[in-house]
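Visitor: give me the fold of what follows.
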Amino acid sequence: MYEYATPAQRPWYRQAWPWFLIALPASAVFGGIATLILAVQSPNALVVDDYYKEGLAINQQIHRQTAASDMNLNALLRSDGKQLSLDLSATEPVADDRVILQFIHVTRAELDREVIMQRQADGRYQTALPELAQGTTWNLRLQGGDNSWELGTRLTLDGPFQTYLTNAR
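Guide: Model prediction:
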């Protein structure tokens, strides 16, 4: 008679297929947990709660930009790394004794800064440069002291700079 040799049965945990079949649902569970942790810890700051108010604010901004265009207003902003200097030019002299310059970070609202620039005897506006993160991109918004006009530009800050603020429409 023939005798058949039966291979020694290995325990299930020493075989590849059970681990492969366990790995698929386990990876989905771990991925779900990681997604849940990210969703709970990350703020959703880019979502606007009151979109109607935001729409009204955009209309006001367009009105201010139109006013700057009607005045043929342009601005040159310079920085030496410590001070900001602003030259305004328009068809008629600008009557504002102070202007408001906003540094708006493109993604993180907590980094936004606002400075008030005072007119000096030579007609230029000056103030100290606020602490800003270097190497990042900023939207600059310049408004009159009475918020009747607005100019803007985008700037990547990497040391002393010179930039023109124009009508952003």
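
Visitor: wait, what's in contact with the nearest residue to Gln102 once chain neighbours are set aside?
Guide: Nearest residue to Gln102, sequence neighbours excluded (C-beta to C-beta, 6 or more residues apart in numbering): Arg141, at 4.3 Å. Yep, even glycine has a C-beta here, placed from its N, CA and C like the rest. Applying C-beta atoms under 8 Å, 6 or more residues apart in numbering, we find Arg141 in contact with 101-102, 104, 150-152.

Visitor: relative to Ala8, which of the residues you listed is nearest.
Guide: Nearest to Ala8 among those, counting by C-beta to C-beta, is Ile104 at 71.6 Å.

Visitor: do you have the helices of the protein handy? List them.
Guide: 16-41, 51-70 (DSSP state H).

Visitor: just the pLDDT at Asn44, thanks.
Guide: Listed pLDDT for Asn44 reads 68.

Visitor: against which helices or strands is the worst-scoring helix or strand of the chain on mean pLDDT packed?
Guide: The weakest-scoring helix or strand in the chain, judged by mean pLDDT, DSSP states H and E, is helix 51-70 (a mean of 76). Applying 3 or more C-beta pairs under 8 Å, 6 or more residues apart in numbering; DSSP states H and E, one finds that helix 51-70 contacts strand 150-156.

Visitor: quick one: average pLDDT of the strand it packs on?
Guide: Per-residue scores along strand 150-156 average to 88.

Visitor: likewise for stretch 88-106?
Guide: 86.

Visitor: circling back to that earlier point, dump the contacts of Arg141 to JSON lines, plus neighbour count.
Guide: Formatted as JSON lines, the contacts of Arg141 follow (neighbours: other C-beta atoms under 10 Å):
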{"residue": "Leu101", "neighbour count": "22"}
{"residue": "Gln102", "neighbour count": "16"}
{"residue": "Ile104", "neighbour count": "16"}
{"residue": "Glu150", "neighbour count": "25"}
{"residue": "Leu151", "neighbour count": "25"}
{"residue": "Gly152", "neighbour count": "21"}
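
Visitor: dump the residues you listed into JSON lines; add distance to Asp80 as well.
Guide: JSON lines is the format used below for these (distance: C-beta to C-beta, whole Å):
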{"residue": "Leu101", "distance to Asp80": "16"}
{"residue": "Gln102", "distance to Asp80": "20"}
{"residue": "Ile104", "distance to Asp80": "22"}
{"residue": "Glu150", "distance to Asp80": "25"}
{"residue": "Leu151", "distance to Asp80": "21"}
{"residue": "Gly152", "distance to Asp80": "22"}
